[in-house]
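Trainee: Got a predicted structure plus its sequence, pasted below:
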Amino acid sequence: MSRIISYRGLLADGGQETINLHTNDGKTGYKIVKFRIIPEQPAQFQTSTIMIWKTEQATVPTATAVVDFSDNIMLAVANYAFNSGEGSINDQVIFDNEIFNQDIYITHTEEIGSLNCNYYIELEKFDLALDEQTVATLKDIRNTGSQ
């Protein structure tokens, strides 16, 4: 049986937060089902990128965000750009349907200044079979070892 759990928060430019999901036995799995971002002050000119990672990031870039879909430790990315002069909003959210059973890490990069940005994440939580648990744990070990 699965259920949906949600997390939300406010990240500063260059900030990183941990969402604690690990268990001692690794038998609980998660999958991202919704991911949204919105600036703390939506009326200001802002370009924010928030990413969700499988492993803690040693450094969070503060000038520009590099999005590389070949990076196997990135689970999701959301980008919000607002230009009040043009009256345009551009927001894009992309996430992987990967199952994980360990902590995840959220980073925020603001390209223009140092504004804050909110995030909202919904995760599907469910029990893992032994083979699924083994695969998820081995992926996490491999990702941690490659850092």
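Mentor: On my side now, so go ahead.
Trainee: Let me see the contact set for the residue nearest to residue 37 when sequence neighbours are not counted.
Mentor: Spatial nearest neighbour of residue 37, excluding adjacent residues (CB to CB, 6 or more residues apart in numbering): residue 78 at 4.4 Å. C-beta: built from backbone N, CA, C; applies to glycine. The contact partners of residue 78, by CB atoms under 8 Å, 6 or more residues apart in numbering, come to 35, 36, 37, 49, 50, 51, 91, 92, 93, 94, 119.
Trainee: Please verify my assumption that the fourth one contacts residue 108.
Mentor: Spelled out, that is residue 49. Yes - with contacts counted by CB atoms under 8 Å, residue 49 reaches residue 108, the gap being 7.4 Å.
Trainee: need the strands for the chain, in chain order.
Mentor: Secondary structure of the chain by DSSP state E: the strands cover 3-11, 16-19, 28-39, 46-53, 74-83, 88-95, 104-110, 117-127.
Trainee: Dump those into JSON lines; add mean pLDDT as well.
Mentor: Below are the strands of the chain laid out as JSON lines (pLDDT from 0 to 100):
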{"stretch": "strand 3-11", "mean pLDDT": "96"}
{"stretch": "strand 16-19", "mean pLDDT": "96"}
{"stretch": "strand 28-39", "mean pLDDT": "93"}
{"stretch": "strand 46-53", "mean pLDDT": "91"}
{"stretch": "strand 74-83", "mean pLDDT": "89"}
{"stretch": "strand 88-95", "mean pLDDT": "78"}
{"stretch": "strand 104-110", "mean pLDDT": "94"}
{"stretch": "strand 117-127", "mean pLDDT": "94"}
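Trainee: Relative to residue 68, which of those is closest?
Mentor: Minimum separation from residue 68 across the strands of the chain (CB to CB) falls at strand 74-83, 7.2 Å.
Trainee: How many neighbouring residues does residue 27 have?
Mentor: 16 (other CB atoms under 10 Å).
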